[in-house]
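> Structure, please.
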Amino acid sequence: MAAATAARCLLIRASPPSPALNPVDGVKAPASIATSLHVRAVASPSSARRFRTPPLGCTSPSSDGSAEPKLAVLLEVEGVLADVYRFGSRQAFNVAFQNLGLDCANWTEPIYADLVRKASGDEERMVVLFFDRIGWPTSLPTSEKGSFTKSVLREKLKALEMLSSSDALPLRPGVEKFIDDALSEGVPVAILATYGRNGEKISRSIAEKLGPERTSKIKIVGKEEVERSFYGQLVLGEGAASSLDEQLTKEAQKAASAEKQRVAEEVASLLKLSVDINTASKSSEKIVATLRAGSEYVGLDVQNCILVAGSQPSVIAAERTGMPCIVVRSSLTARAEFHSAKAVMDGFGDTDLTISKLLSKRWS
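Here you go, the predicted model:
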């Protein structure tokens, strides 16, 4: 509490009465990141290092400067831009089995679906369940089952990297038109490539399937973009300077942590749960950081962004962040329930998710 109070005092003392401005270009910063600018204002002028230049919001080609967008769309990659699980993961596992000389192993769609269901999508567990069922390689010592499983997963990832850049892994039907419609309506679009279970490299390869014309008009948010964001620099400690800057950042981080704890406890009280913010998984924190960075890059507060998600962890992170979320089901989540999502769709298009539906029904 003392640390949080100290940080607040510093922030209030440094805060000018006028709106927070980007010190580089004078553009008004989103309300959710104004605190970061105030922190920078009180940093020692003699310090050798500073926070890196904050991200500029992306603009759509149809924007004429007459009105700021009131809605932005953040799209996940795996399960949303492409059904990686149906057209990539199963095939990649079969390639991995072949490369390792495991002729007895082949995952048909029914086998893959059954393993996904029983292992809740945990690929390491899927491999263990499969070989427990059919038998492990006879020459494999019991003590080496773990390393064998990891070798299968490594080969699978290599195969998926090849598939992701080929026509064998297509974009979901209607997603290109969805993005085109958003841009034509002046709705900023960001692609979140940071936290896919198969890594950023594969997510970026899939995003590139949108074509250079589209990708030049949207923002792809990866690890580097998250680290450069205000949230990444302040809360995650990326880009913090030393000396007085470092001390101030530590105090601000404590205050931010206390605020996150307070919000978490308020949400948990509704569910009659006990929550400690420090127990959140690294994966969850990565998703939250990406969502906040995404909102910065599109230039809107989190409550004015809509996340189009494909997994339960993302839905939970969106709820924590205060960002409305719509789920687009994939083969992996066809039977899953998403109670905290604003809506659940089967895909993109007239009968499913369209930009016109988002514009006609705003969630907050």
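> Give me the secondary structure label for Arg197.
Following DSSP: H, G, I helix; E, B strand; the rest coil, the label given to Arg197 is coil.
> neighbours around it, how many?
18 (other CB atoms under 10 Å). C-beta here means a position set from N, CA and C on the backbone, and glycine is covered the same way.
> Name all residues that make contact with it.
Glu78, Glu123 (CB atoms under 8 Å, 6 or more residues apart in numbering).
> And it, what's its pLDDT?
For Arg197, the pLDDT comes out at 85.
> Same question for Glu68.
So Glu68 comes in at 61 (pLDDT).
> One more: the one 5 residues further on?
According to the predicted model, the pLDDT of Val73 comes to 97.
> try the one 3 residues further on
We note a pLDDT of 96 for Glu76 in this prediction.
> That one contacts Ile306, correct?
No: using CB atoms under 8 Å, Glu76 is not in contact with Ile306; the gap is 11.9 Å.
> Enumerate every residue touching Val189.
Counted by CB under 8 Å, 6+ apart, Val189 has contacts 58, 60, 72-75, 179, 182-183, 217-219, 298.
> make it 6 Å
The contact partners of Val189, taken as CB atoms under 6 Å, 6 or more residues apart in numbering, are Val73, Ile179, Ala182, Ile218.
> Please apply the same query to Ile326.
So Ile326 contacts Val308, Lys342, Ala343 (CB under 6 Å, 6+ apart).
> Phi, psi for it please.
phi -120, psi 130 (degrees, to the nearest 10).
> Name whatever forms a beta bridge with it.
When bridges are called by DSSP bridges, Ile326 pairs up with Val308, Ala343.
> who wins for most neighbours among the contacts of Ile326?
Neighbour-wise, these (other CB under 10 Å) top out at Val308, 24 neighbours.
> show me what contacts that residue?
Here Val308 is in contact with Leu75, Val80, Ile326, Val328 (criterion: CB under 6 Å, 6+ apart).
> neighbour-wise, which of the residues you listed leads?
With neighbours taken as other CB under 10 Å, the top of these is Val80, carrying 31 neighbours.
> now the helices for the stretch 201-350 of the chain?
212-215, 223-228, 230-234, 243-271, 282-298, 312-321 (DSSP state H, counting those that start in this stretch).
> Only alpha carbons, please: show the third one as PDB.
Output of helix 230-234 as PDB, limited to C-alpha atoms (Å, rounded to 0.1, in the frame of the first residue of the first chain):
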ATOM      1  CA  PHE A 230       3.700   1.600 -23.000                       C
ATOM      2  CA  TYR A 231       2.300  -1.400 -21.100                       C
ATOM      3  CA  GLY A 232       5.300  -3.500 -22.000                       C
ATOM      4  CA  GLN A 233       7.800  -0.800 -20.900                       C
ATOM      5  CA  LEU A 234       6.000   0.200 -17.700                       C
END
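> what does the strand or helix carrying Lys357 rub up against?
Taking DSSP states H and E as the definition, Lys357 sits inside helix 355-360. For helix 355-360, the surrounding residues in contact (CB under 6 Å, 6+ apart) are Asp181, Ala182, Glu185.
> So how do I select the buried members of those residues in PyMOL?
A single PyMOL command selects the buried members of the contacts of helix 355-360 (16 or more other CB atoms under 10 Å):
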select buried, resi 181+182
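> circling back: distance to Leu332 and pLDDT added to the contacts of Ile326, as CSV?
Converted to CSV, the contacts of Ile326 look like this (distance: CB to CB, whole Å; pLDDT from 0 to 100):
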residue, distance to Leu332, pLDDT
Val308, 15, 97
Lys342, 20, 92
Ala343, 19, 91
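> and the residue nearest to Asn198 when sequence neighbours are not counted, what element?
Sequence neighbours aside, Leu160 is the residue nearest to Asn198 in space, at 5.8 Å (criterion: CB to CB, 6 or more residues apart in numbering). For Leu160, the element it lies in under DSSP H and E is helix 145-164.
> Could you look up the next helix or strand downstream of that helix?
Taking DSSP H and E, what comes next after helix 145-164 is helix 175-184.
> Tell me the secondary structure of Trp136, please.
Strictly by three-state DSSP, Trp136 counts as coil.
> what's the answer for Leu102, then?
coil.
> Offset the numbering so it begins at 147, please.
Okay, using 147 as the starting number, the last item reads as Leu248.
> okay, it: pLDDT?
94.
> Phi first, then psi, for it.
Here is the backbone geometry of Leu248 (degrees, to the nearest 10): phi -100, psi 80.
> That one: how many residues sit nearby?
Leu248 has 17 nearby residues by other CB under 10 Å.
> per-residue pLDDT, the nearest residue to it once chain neighbours are set aside?
The shortest distance from Leu248 to any residue other than its chain neighbours is 7.1 Å, reached at Pro283 (CB to CB, 6+ apart). Note on Pro283: pLDDT of 93.
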